[in-house]
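Trainee: Dropping the sequence and predicted coords here.
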Amino acid sequence: MIHPTAIVSPLATLGENVRIGPFCIVGDHVQLGDDCVLHSHVVIKGHSKIGDSNEFFPFATIGGKTQDLKYIAEPTYLEVGDHNVFRENCTIHRGTHENLPTRVGSHNLFLCYSHVAHDCQLGDHIILSNSVGLAGHIIVEDYAIISGVAAVHQFCRIGKHSIVGGCSKVVQDVPPFMIVDGNPANTRGINLIGLQRRGFSDEDVNAIKSAYKKLFLKKDSNLTTSISSLKATHAADTPQVAHLIQFIEKSERGITR
């Protein structure tokens, strides 16, 4: 199922039922899992290991060389899971060093012109909307949504079940379960609709609301003191709030408040 105008290296590894459309290029070290579809004009290169049932739309460029100036031309890697969709002009770059590949999980959606830079670590069920830019070394947890034209500074973390508003400038970690928006981004509230759609119970949602009130409503309050106060409540016993506290305590760039 390879179009005659496509260029596929004899060193590439293709799974079963792979479809490669017109004018695609698949490089030497690429591994494509079963049922992958490259529609047309797709470029996949470098040491890129792609799982099953991934779909690539025209002009997506996957596995490109890192843009990090520290790169010294050693072999570097990209690992992609299953059931991802890469829309038009999406770009995903390999890692900078041999021991740390760029990783993309499964069931993610990358819309047009979205960019994932070197060394990023992405989980599952993530949506990057049109023209989202992720700089290097960013971690994005499961079910996060980053809205159109948002830009995220290197080394930031985007917490699970969070939403970043369109055109936002993210320079610090985005706490899980929250909505952040603005330039620079601020935490505006909990991701209530998203949590309900994901089947969170009323008890879980109320615990997250309680945590939000203690941590984010008074943005000029001392965060360490607010966390200590939160730990003394029943809300801190829930897995969601415990994860939120741990996420904040491990932050190196600080938290978007």
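Mentor: Arrived safely, thanks for sending.
Trainee: Looking at this protein, which helix is longest?
Mentor: Looking only at the chain and at elements set by DSSP state H, the helix with the highest residue count is helix 202-215.
Trainee: tell me what the following helix or strand past that helix is packed against?
Mentor: Sequence order places helix 223-231 as the next helix or strand after helix 202-215, per DSSP states H and E. Under the contact criterion of 3 or more C-beta pairs under 8 Å, 6 or more residues apart in numbering; DSSP states H and E, the helices and strands touching helix 223-231 comprise helix 202-215, helix 239-249. C-beta coordinates here come from the backbone N, C-alpha and C atoms, glycine included.
Trainee: could these go into JSON lines alongside distance to residue 68, mean pLDDT and mean neighbour count?
Mentor: Converted to JSON lines, these look like this (distance: least, C-beta to C-beta, whole Å; pLDDT from 0 to 100; neighbours: other C-beta atoms under 10 Å):
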{"stretch": "helix 202-215", "distance to residue 68": "34", "mean pLDDT": "96", "mean neighbour count": "18"}
{"stretch": "helix 239-249", "distance to residue 68": "26", "mean pLDDT": "97", "mean neighbour count": "18"}
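Trainee: right, and those - which one's nearest residue 90?
Mentor: Closest approach to residue 90 among these is made by helix 239-249 (27.4 Å; C-beta to C-beta).
Trainee: Can I get that closest one in CSV? Just the C-alpha atoms.
Mentor: Included here for helix 239-249 are C-alpha records, laid out as CSV according to Å, rounded to 0.1, in the frame of the first residue of the first chain:
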residue,chain,number,x,y,z
PRO,A,239,-6.2,11.1,45.2
GLN,A,240,-6.8,14.2,43.0
VAL,A,241,-5.9,16.8,45.6
ALA,A,242,-3.0,14.7,46.8
HIS,A,243,-1.7,14.7,43.2
LEU,A,244,-2.2,18.5,43.0
ILE,A,245,-0.2,19.0,46.2
GLN,A,246,2.6,16.8,45.0
PHE,A,247,2.6,18.5,41.6
ILE,A,248,3.1,21.9,43.2
GLU,A,249,5.7,20.7,45.7
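Trainee: Identify the residues contacting that helix?
Mentor: Helix 239-249 is contacted from outside by 157, 159-160, 173, 175-177, 200, 204, 207-208, 210-211, 215, 223, 227, 230-231, 235-236, 255, using C-beta atoms under 8 Å, 6 or more residues apart in numbering.
Trainee: What subset of the residues you listed is buried?
Mentor: Among these, those classed as buried by neighbour count (16 or more other C-beta atoms under 10 Å) are 157, 159-160, 173, 175-177, 200, 204, 207-208, 210-211, 215, 223, 227, 230, 235-236, 255.
Trainee: Can you lay out the helices and strands packed on helix 223-231 as TSV showing distance to residue 66?
Mentor: Putting the helices and strands packed on helix 223-231 into TSV (distance: least, C-beta to C-beta, whole Å) gives the following:
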stretch	distance to residue 66
helix 202-215	35
helix 239-249	27
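Trainee: do you know which of the ones you listed lies nearest residue 64?
Mentor: Between residue 64 and those, the shortest gap by C-beta to C-beta is with helix 239-249, which sits at 30.4 Å.
Trainee: what distance separates that closest one from the middle of the whole chain?
Mentor: Chain-centre distance of helix 239-249: 19 Å, with C-alpha atoms, centre = their mean, to the nearest Å.
Trainee: got the angle for it vs helix 223-231?
Mentor: Relative orientation of helix 239-249 and helix 223-231, computed by axes from the mean of the first three to the mean of the last three C-alpha atoms, to 10 degrees: 160 degrees.
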